[in-house]
Every structure is written in structure tokens, then in C-alpha cells.
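1. from the sequence below, what's the structure:
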Amino acid sequence: MLQSHEEALRNVSQRTISTAPCRQIRNRVPELQKIFQEDNGLPVHLKGGIADVLLYRATMTLSVLGTVYVVYELFMAAMPKKQK
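-> Below is the predicted model of the structure:
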């Protein structure tokens, strides 16, 4: 019984460890460079497509709403409550 554990340990320790990926990933850098360097009048943060546009609009909406809320809360904190 002890010998089988030793054999198993020896087999595991003798296996080669491969760091190579299972599949090759296609290099898309040249394609993306063409897209982002194209002079089409768009800012670089919107050249990625519809996902970039949606993220930009969501960020701007949350920023504006957050700013309005902070100004409202500051105004309410600055006004003393009337005592009855």
C-alpha cells in the first residue's frame, strides 16, 4: 500500500508542467490601432463602438445626477429648520 502512494507521488512529480496556453489568441492590436487612429471626428473614448457610447452616457448621467444631488443636500444642510 505504501509503495502505491510512493509511485503515485513519483508520477505526479515527474509530469512536465506546461505554461503554453491551450489555444492561441489572435492578435487584434493592428486592427484596433487602425480603428482608434482613424480621423473620423470622434473622440478616442467613443471610437470603440456602441458599448463605449453607452458607458460614456451612463457615466455622464450619473455624474450630473450626483452633482445635482450634492448641491441639493448642501443647500438643505445650509438652511436652518424653522422651529415651531
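2. just read off the phi/psi values of residue 82.
-> phi -70, psi 140 (degrees, to the nearest 10).
3. buried sites along the helix or strand containing residue 59?
-> Residue 59 is part of helix 50-78, with elements assigned from DSSP states H and E. When burial is assessed from 16 or more other C-beta atoms under 10 Å, helix 50-78 yields no buried residues. Where C-beta positions appear, they are placed from N, C-alpha and C, glycine not excepted.
4. what mean pLDDT does it have?
-> Computed over helix 50-78, the mean pLDDT rounds to 97.
5. for it, the distance to its chain's centre please.
-> Distance, stretch centre to chain centre, for helix 50-78: 20 Å (C-alpha atoms, centre = their mean, to the nearest Å).
6. so what secondary structure elements neighbour it?
-> Counting contacts by 3 or more C-beta pairs under 8 Å, 6 or more residues apart in numbering; DSSP states H and E, helix 50-78 packs against no other helix or strand.
7. what's near enough to touch residue 78?
-> Counting by C-beta atoms under 8 Å, 6 or more residues apart in numbering, residue 78 touches no other residue.
8. so residue 9: helix, strand or coil?
-> Secondary structure assignment for residue 9 (DSSP: H, G, I helix; E, B strand; the rest coil): helix.
9. lovely, talk soon.
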